[in-house]
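Q: fold the following for me, if possible:
(one chain, ligands or ions: 1)
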Amino acid sequence: MNYTEKQLKSIAKECTEFEHIINAMGYGCSLLNVSPDEYERRCSDCINWFDGSCKIFKKEFSQYQ
Ligand code: SF4
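A: Coordinates of the predicted model:
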């Protein structure tokens with residue numbers, strides 16, 4: 001299943017469980033020199049994503065359509 005950028009972003013925007021993979025790895029943004037552009041809040045960059053098997057995502061996605 002492929003999701004669009006728009007779907008991944010709009011669901012992540014509403015989600016309280018979002019945790020960026022870069023944060024989770026324990027690196028600060030400055031260390032990796034990640035600009036805000038690259039640090040986008042989208043489900044596919046979340047530690048709970050698990051290749052699309054996040055339960056919250058699935059629930060939100062079913063309501064989104
Ligand atoms: S992957 Fe799941 S936990 Fe992460 S932002 Fe999306 S819906 Fe929320």
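
Q: so which residues on this structure come close to the ligand?
A: 11-12, 15, 17-18, 43, 46, 48-49, 54, 56-57, 60 (CB under 6 Å from any ligand atom). Yep, even glycine has a C-beta here, placed from its N, CA and C like the rest.

Q: would you confirm that residue 11 contacts residue 59?
A: No. Residue 11 is not in contact with residue 59 according to CB atoms under 8 Å; the separation is 9.6 Å.

Q: more neighbours: which of those two?
A: Neighbour totals were compared for residue 11 and residue 59, and residue 11 leads with 24 against 11 (other CB atoms under 10 Å).

Q: show me where this protein has its helices.
A: 5-14, 21-24, 29-32, 55-64 (DSSP state H).

Q: mark which of the residues of the chain next to the ligand are buried, thanks.
A: Buried subset of the residues of the chain next to the ligand (neighbour count, 16 or more other CB atoms under 10 Å): 11, 12, 15, 18, 43, 46, 48, 49, 54, 56, 57, 60.
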